[in-house]
Structure formats: C-alpha cells, structure tokens
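Colleague: based on what follows, work out the 3D shape:
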Amino acid sequence: MSEQQIGCALPGRAGLQSTAPRLFAASIVVFGCAVLAGWRWNIPILKAPQPGFAPMMPITAVGFIAAGVALGFATIRKRTAQALGISLAVALSLLGLQSIAEPLLGSPLRGLLFRSAPNGPSQWPITMSLAAALAFTLFGLSLLFAQSRTRRAHFPFVVFATAGLLISGSSLLGYMFDAKLLLGGFLQTIAVYSAAAFAGLFTALFAWRSDVGWARVLAGDSPASRSVRTLFALVILLPVLCAWLSLRGWEGQLYDAESAVTAFMLLTIVLWAALVLASGFRLRRAEQRQLEANAALLESEAKFRHMAEHAPGMVWVTNADACCTFLSASWCTFTGQQESEALDMHWLDALHPADRERARTAFLNANAGRASLQCEHRLLRSDGEVRWMMNTANPWFGPDGAFLGYIGSFVDITERRALEQQLRTQAELLNQTHDAVILWSWRDGVRYWNAGALNLYGYTSAE
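Modeller: Modelled structure (predicted):
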C-alpha cells in the first residue's frame, strides 16, 4: 500500500480500534430497538428519561438502528461487510436529507412505521427534529469518508464528524443547564436520548479512525499524547463542572446571580491555574527525560566512535537498506577515501576491480537474508599496494526486533595468506619427494603423511 493510501481499519492497531466501535455499534442497535419498543407498548422511560423531556421519535430510532449496523459493518475488514456499511451510510445521509426537506416533500418513511402518533395525541411532533436530521446526514457522510482509502478523504471526515460532535454536545449542555439559547432554533425539541446517542456515535467514529486529524494526537502512545489526552478531558469537564456548581448554588438560593457568576469565574480560574501548573510540571519532567536520553545517546555514540577508531580493524556500519552510514577513521587513512566519499555503496570503489562485483553480491545477499557475512577481498591501499582483507559482519536489531543493518570490520590478512601459500608450496614439495615424511605428536597422532609414506607403507594419512 502506498503512502497515499490508508486502509479502512488500521493495519497495526485493528484490535482496540475496531472492537470498541463494534461494541458501541451493537449497543446503539439495542438502544434503538428499545425506543421502538417504548413507542409500541407505551413505556415512557424508553422514550425520554423523564416527563417534560422531548422523546426520541420512531423514525429517529430506526435511523440509530441503521447507524449502529452501518458502523459495525464498516469496521469489519471484509469487502462485503464494508460494501454494506457504505450502502447504509448513503441511506443514512439520504434519510437525514429527506427529513430536512420533509416540510416540502412529506415523509414516506415515517408513514411506513406510524400512520399517526401512537398511543394518542402527543405534544411533541412525530417528525424527526432538524438537528437530528442534520446529525444523521453528517454521520452518514463521515462514515463514507472514514471508509475511503485516500488521504484526501481525511479532511472532510474530520470536518463532518467534528460538526456532529458539536451539535450533540451543544444539545446535551442545553439539557444540563436548561439553556433556552442552546435548545432554541434548529436544536429545538431534539431528544436528550438522541443527543447522547449521536455523541457516542461520533466518538466511536473517531475511536475507529484515530489515525486521522486531531484524534491522531489523542491516540498516540508518546508522553505528549498522554498529556494531551488528560488535558483534553479536563478542558471539557472542568468548565461544565464549574458552571454546574455555580448554577446549583444560585438555584439553591445560596447566593444571588452576581455571586454565581463570581463563583463560576473563581472556580474556573483556580482549576485552570492548577491545570496549567500541573501540565507545566509534566512537560518539564518530559523535557528533562528527553534531555537525559539525548545525553545518553550522545555518550553512547561517542563511546562507539572511540571504540571504532581504536579497534584493530576498520569498522563500518550500514542501515537496513544496505547503505553504509559510518566508516572509522582507519578506513579513510588506509584507503585514502573520505568518509563522505565512501558512504552508501561507494566503499566498493576502494576494492580491487576484480573483487567488487563479488563483494557487492555477497553483501546484498547477506543483507536480504539477515545472515552473517564473512568473505575475503583485495583492498587498494592509498599508496597503490593491494592488501588482502577479511570482511566480517553481523546484523544488528533494535529493542523491538526491527532489523537496523550491519556492523562489520575489515582485518588485514595479507601476511596470513602469504604464510598459507608458503605452507601449501612446502607441502607440494614434500609430496614430490620419494622419501617418507611423517609428522607425529603424542597428543594428535599423525599430523602429516606425504605421498612417499603412502608409497612406502601403503597406508593413507587417514588410515
């Protein structure tokens, strides 16, 4: 998958990001069925939390059932399920748009469920409220963009889902404080059950697509994300708590309206000041830990460079892409190459021309298989002399097991190869003589048995 494509469910974190929205989707379906049962058998508590509150309309309950099913299908990583999720998202958008246009076009969908207000006349309109219709439209569009595989769909998803959260949150605050301003206009008569269900639906959308927009900041595992999650929750809860306490005191006639406003401001100032100070301390601790980590990293790098510069061989390091990222100063001294000239794969230029392709193939094969490397090459010294080198390397891995590259070294074996060649020459000369030459020790027994000994005694060295 290219960088421009994102799956419908996050590949690496599909567990929690899919399970929680699915559970909420199932609860929304059950909730919608309960509201329909309340209308069918006239159970008031299933339609509204208490008398005087606007009840959820049957057509709205049907919409929530469809929304729960759509969200559940969308989080399943199967093509058929996601196609059904897309179809239901389109249907929800059309349901919301049809309800918005209902005063002009009528409501054929509502007529399929209830011909008139069930259980007698009601003070509440049987039609879906404008706010609920708009929220269903926003949810359907958000779900469509959430399932898109392109980054271009991220922005409209965040805009639509955030707008839905604001509508539902404003309605809940209006009910909490009996605010005529928030419950007036297009928010008028929206049911408290509907507002709470919409808030949960849009929150579940952001929980599912926590890789998008501002939700990405909240969903991270870094110290900054953890701090932001705490601040985000307090930013929402503290003003509501302060306003509620001030209002309850004023309603209980503990003080007048002016004192209520003063109490609200005082509580807000104290709580926000404490929040800012606590955040400052947390950021300071995080900054200190980061400085300590950077210092430890610099110290570790300095130790590695010191060891590499004083190692008997020439040390080199590559990354996971087989590109050389470090060469010790002894390499530069020996070959005459500058470190910048030898990075990537240009260290091969210092090898004997006849050995370059063989060395390149051996290293790339080892890198592909994450295997140890050991091979011999001829290296051109800065004065033009050719020296034989043993190139040995092992792969290195990060704390999480990720392959990071290789650490290796070149060791000069020119003298060893010359001695081995001298021994081979002497052995050939001994094999050519007709005399028996035998090398024997108390510990190892026969260590050498030439051709003359074979001809004389009729035994091979192994026998």
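Colleague: now do the strands in this structure.
Modeller: 314-318, 324-327, 373-380, 386-397, 403-412, 438-441, 445-449 (DSSP state E).
Colleague: just name the most buried of those.
Modeller: Of all these, strand 314-318 carries the top mean neighbour count, a mean of 22, counting by mean count of other C-beta atoms under 10 Å. C-beta here means a position set from N, CA and C on the backbone, and glycine is covered the same way.
Colleague: check the offset of that one from the chain's centre.
Modeller: 32 Å (C-alpha atoms, centre = their mean, to the nearest Å).
Colleague: what packs against it?
Modeller: Contacts defined by 3 or more C-beta pairs under 8 Å, 6 or more residues apart in numbering; DSSP states H and E place strand 314-318 against strand 324-327, helix 329-335, strand 403-412.
Colleague: one more time with 6 Å, if that's ok
Modeller: strand 324-327, strand 403-412 (3 or more C-beta pairs under 6 Å, 6 or more residues apart in numbering; DSSP states H and E).
Colleague: returning to that earlier point: want to throw the strands of the chain into a markdown table with mean pLDDT and distance to A191?
Modeller: Shown next, in a markdown table, are the strands of the chain (pLDDT from 0 to 100; distance: least, C-beta to C-beta, whole Å):
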| stretch | mean pLDDT | distance to A191 |
| --- | --- | --- |
| strand 314-318 | 83 | 64 |
| strand 324-327 | 83 | 62 |
| strand 373-380 | 85 | 70 |
| strand 386-397 | 86 | 57 |
| strand 403-412 | 85 | 56 |
| strand 438-441 | 57 | 99 |
| strand 445-449 | 60 | 98 |
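Colleague: minimum distance to E258: which of those strands has it?
Modeller: strand 403-412 (65.8 Å; C-beta to C-beta).
Colleague: now do the closest one against strand 386-397, angle only.
Modeller: Interaxial angle of strand 403-412 relative to strand 386-397 (axes from the mean of the first three to the mean of the last three C-alpha atoms, to 10 degrees): 160 degrees.
Colleague: can you tell me the strand partners of strand 403-412 and which way each runs?
Modeller: Looking at strand 403-412 with DSSP bridges, its partner strands are strand 314-318 (antiparallel), strand 386-397 (antiparallel).
Colleague: relative to strand 373-380, how tilted is that strand?
Modeller: Going by the same axes, to 10 degrees, strand 403-412 makes 50 degrees with strand 373-380.
Colleague: alpha carbons only: can I get strand 403-412 in CSV?
Modeller: Extracted as CSV, the C-alpha positions of strand 403-412 are listed here (Å, rounded to 0.1, in the frame of the first residue of the first chain):
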residue,chain,number,x,y,z
PHE,A,403,16.4,-5.1,11.5
LEU,A,404,18.7,-2.0,11.6
GLY,A,405,21.6,-3.0,9.4
TYR,A,406,25.1,-4.5,9.8
ILE,A,407,28.2,-3.8,11.9
GLY,A,408,31.4,-5.2,10.5
SER,A,409,35.1,-4.8,10.1
PHE,A,410,38.0,-5.3,7.7
VAL,A,411,41.0,-7.1,9.0
ASP,A,412,44.3,-7.2,7.1
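Colleague: residues making contact with it?
Modeller: 313-320, 370, 387, 389-393, 395-398 (C-beta atoms under 6 Å, 6 or more residues apart in numbering).
Colleague: follow-up on the earlier one: make TSV from the strands of the chain and add distance to A215 to it.
Modeller: Shown next, in TSV, are the strands of the chain (distance: least, C-beta to C-beta, whole Å):
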stretch	distance to A215
strand 314-318	38
strand 324-327	36
strand 373-380	45
strand 386-397	32
strand 403-412	31
strand 438-441	76
strand 445-449	74
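Colleague: which of these sits closest to E287?
Modeller: When the strands of the chain are ranked by proximity to E287 (C-beta to C-beta), strand 403-412 comes first, at 27.1 Å.
Colleague: about what we covered before: and V69, which of the helices and strands packed on strand 314-318 is closest to it?
Modeller: With C-beta to C-beta as the measure, strand 403-412 is the member of the helices and strands packed on strand 314-318 nearest V69 (43.2 Å).
Colleague: which of the strands paired with strand 403-412 sits closest to T230?
Modeller: Comparing the strands paired with strand 403-412 by C-beta to C-beta, strand 386-397 comes nearest, at 34.0 Å.
Colleague: and the closest one, how far from the chain's centre?
Modeller: Distance, centroid of strand 386-397 to centroid of chain: 36 Å (C-alpha atoms, centre = their mean).
Colleague: how near is the closest residue to M57 other than its chain neighbours to G252?
Modeller: Closest residue to M57 in three dimensions, ignoring its sequence neighbours and counting by C-beta to C-beta, 6 or more residues apart in numbering: M128, at 5.5 Å. According to C-beta to C-beta, to the nearest Å, M128 stands 37 Å off from G252.
Colleague: do the same with W39
Modeller: On the measure of C-beta to C-beta, W39 and G252 end up 37 Å apart.
Colleague: those two: which has the busier surroundings?
Modeller: Neighbours per residue (other C-beta atoms under 10 Å) separate W39 from G252, with W39 holding more: 21 against 8.
Colleague: can I assume the more buried one is in contact with P58?
Modeller: Yes: between W39 and P58 a contact is recorded at 5.2 Å, counting by C-beta atoms under 6 Å.
Colleague: separation between the closest residue to L379 other than its chain neighbours and G169?
Modeller: Leaving aside its sequence neighbours, L379 sits nearest to M389 (C-beta to C-beta, 6+ apart; 4.7 Å). Per C-beta to C-beta, M389 is found 69 Å from G169.
Colleague: then Q253?
Modeller: When Q253 is compared with G169 (using C-beta to C-beta), they lie 30 Å apart.
Colleague: and these two? Which one has more around it.
Modeller: Comparing Q253 with G169 by other C-beta under 10 Å, the one with more neighbours is G169, at 17 against 7.
Colleague: pLDDT score for the spatially closest residue to the more buried one that is not a sequence neighbour?
Modeller: Closest residue in space to G169, ignoring its immediate chain neighbours: A199 at 6.1 Å, by C-beta to C-beta, 6+ apart. A199 is assigned a predicted lDDT (pLDDT) of 91.
Colleague: done for today, thanks.
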